[in-house]
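Asks: no sequence on this one, just coordinates:
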């Protein structure tokens, strides 16, 4: 029996944060008065599944709707009010003002505790023509309905997606799944911001192989809406024609309610909340996309709008309201996206973020990049995974990881995320005991291999070249050495490379200048490591392995024409 005095808790916003908080609160307290306000029609839906409903992969619309107001009331005894927009917070009186859009009335409600789960909204920059009827956003179930209706109405054969983030990439894939031609327009020089440029290059190739036109480093100047479609004029002067457009430029926190109430916001408009998810007003909590969180890599404030953190915050927030000492420890930003035949995943920081910050707590960093099969190569169906690991130069901390491949990417990024959360060093990865059978992995899992390679780097046994070393190196100072067999080089060559198969290397050392930097290539990196050790043991002092071998070089250096 719960002897604590009952509270009146008002929750603004549903979906992952608000609905999750309400359900957990009810499980903890049968007597609390819990009112959930949602300005839209739906309180709980799978917003991450929306692109797949557009593409017809998730066919039934009702599969997106996780809970209904009636269902939440029956299961959790909640007072759920949809199409009810909270328009003002009166902190001194501890009341909120609500506009009921169904009945066209306004009223007030008091609270003991107020929870803000107002989420975020797509960015809509002031571009001429952006409010045209053929231009859409994808954020809610009704947005999905509108895009699906537009495809039928316009008998769409071509679409443009503005932005190469998560939603933009998923929309491109799903529109292609429906047989629609797609152009992705991205103002930056790459898609998928969690990746560094060399990893993103592989995604660019996958996008183009799927028949999607990809325009990078070019921004939209204007939209011209006409009866037969949209003309998208770019800053470069180029133009793209489409039957309709989907905007995926980014998001902004829905913090106007908090701002007008005088709660503390950060410069990006995020609500500042502590590790108890409490705002600058002790009676008001906040969670989800609308709040600032602590970045677990560097401890700095960050905005990381992801569904996983929001769901975990909901449980913690409910516990706090109930009096359980739960705290939110921050976010690593673990994420994954399906892109045609590939999966791309990341956790922690990339090199771009580290370079922007200068250094991590005064410590420099190292990177390694390896290519490993998702399971034992002798078992049928093995496919490669490319893994990049970033760690502090002293070897004490993992700072981030990036992975892509056809299979097995999800479980490897999850292992790396867990390792980071529990403070593992890069070398600790070699000791992880991971489940093995030939259909699932190798006796030395790709994550273990990251640990072995990191240990070699930290012990000075191996060094890696940059991914663009071939085109940026000075031939007078650097020699490119290809230790593959003749038949391999006949299929795919490396520009300007000296060809010495690994089995002949010891006998032909005199063909190499020990005063030069030697960058060693093989197919995937294993033979290059052996070659690098041979050279080092014979007095060569500046030997580097090309990361991921010729296979990675081919992905990042596509042939022209």
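Replies: Ah, there it is. Everything numeric here is computed off the predicted structure, so don't read it as measured data.

Asks: contacts and neighbour counts: CA atoms only from here.
Replies: Fine.

Asks: Name the residues that touch stretch 488-498?
Replies: With contacts defined as Cα atoms under 8 Å, 6 or more residues apart in numbering, stretch 488-498 is touched by 470, 479, 480, 481, 482, 550.

Asks: Looking at the residues you listed, point me to the pair that's furthest apart.
Replies: 479 and 550 (15.6 Å; Cα to Cα).

Asks: just to revisit the earlier point, with the contacts of stretch 488-498 in mind, which one is nearest to residue 434?
Replies: residue 550 (28.6 Å).

Asks: Secondary structure element holding that closest one?
Replies: Assigned by DSSP states H and E, residue 550 falls within helix 549-556.

Asks: That helix - contacts with which helices or strands?
Replies: Packing partners of helix 549-556 (3 or more Cα pairs under 8 Å, 6 or more residues apart in numbering; DSSP states H and E): helix 197-209.

Asks: going on from the helix it packs on, what's the next piece of helix or strand?
Replies: Next element after helix 197-209 (DSSP H and E): strand 213-216.

Asks: Just checking: what are the partner strands of that following strand?
Replies: The pairing partners recorded for strand 213-216 under DSSP bridges are strand 181-186 (parallel).

Asks: Can you give the distance of the partner strand from its chain's centre?
Replies: Between the centre of strand 181-186 and the centre of its host chain there is 19 Å, according to Cα atoms, centre = their mean, to the nearest Å.

Asks: now residue 249, what's its secondary structure?
Replies: Under the three-state scheme (DSSP: H, G, I helix; E, B strand; the rest coil), residue 249 adopts coil.

Asks: quick one: it from residue 350, how far?
Replies: Computed as Cα to Cα, to the nearest Å, the residue 249 to residue 350 distance reads 20 Å.

Asks: likewise residue 55?
Replies: According to Cα to Cα, residue 55 and residue 350 sit 31 Å apart.

Asks: cool, and residue 468?
Replies: Relative to residue 350, residue 468 is positioned 17 Å away (criterion: Cα to Cα).

Asks: Which one's more surrounded, the two?
Replies: residue 350 (22 against 14; other Cα atoms under 10 Å).

Asks: related to what we said a few turns ago, what angle do the helix holding residue 550 and helix 197-209 make?
Replies: Angle of helix 549-556 versus helix 197-209, following axes from the mean of the first three to the mean of the last three Cα atoms, to 10 degrees, is 60 degrees.

Asks: What mean pLDDT does helix 549-556 get?
Replies: Mean pLDDT, helix 549-556: 96.

Asks: could we number from 511 for the rest of this?
Replies: All set: I'll call the first residue 511, so the last point we hit is now helix 1059-1066.

Asks: Need the contact partners of it.
Replies: Contacts of helix 1059-1066 (Cα under 8 Å, 6+ apart): 708-709, 711-712, 715, 881, 977, 1002, 1004, 1031-1035, 1038.

Asks: Could I get the buried residue list for it?
Replies: By neighbour count on 16 or more other Cα atoms under 10 Å, the buried set for helix 1059-1066 is 1059, 1060, 1061, 1062, 1063, 1065, 1066.

Asks: Can you verify my assumption that residue 813 contacts residue 802?
Replies: Yes. Counting by Cα atoms under 8 Å, residue 813 does reach residue 802; the two are 5.2 Å apart.

Asks: quick one: low-confidence parts of the stretch 511-660 of the chain?
Replies: 511-515 (pLDDT under 70).
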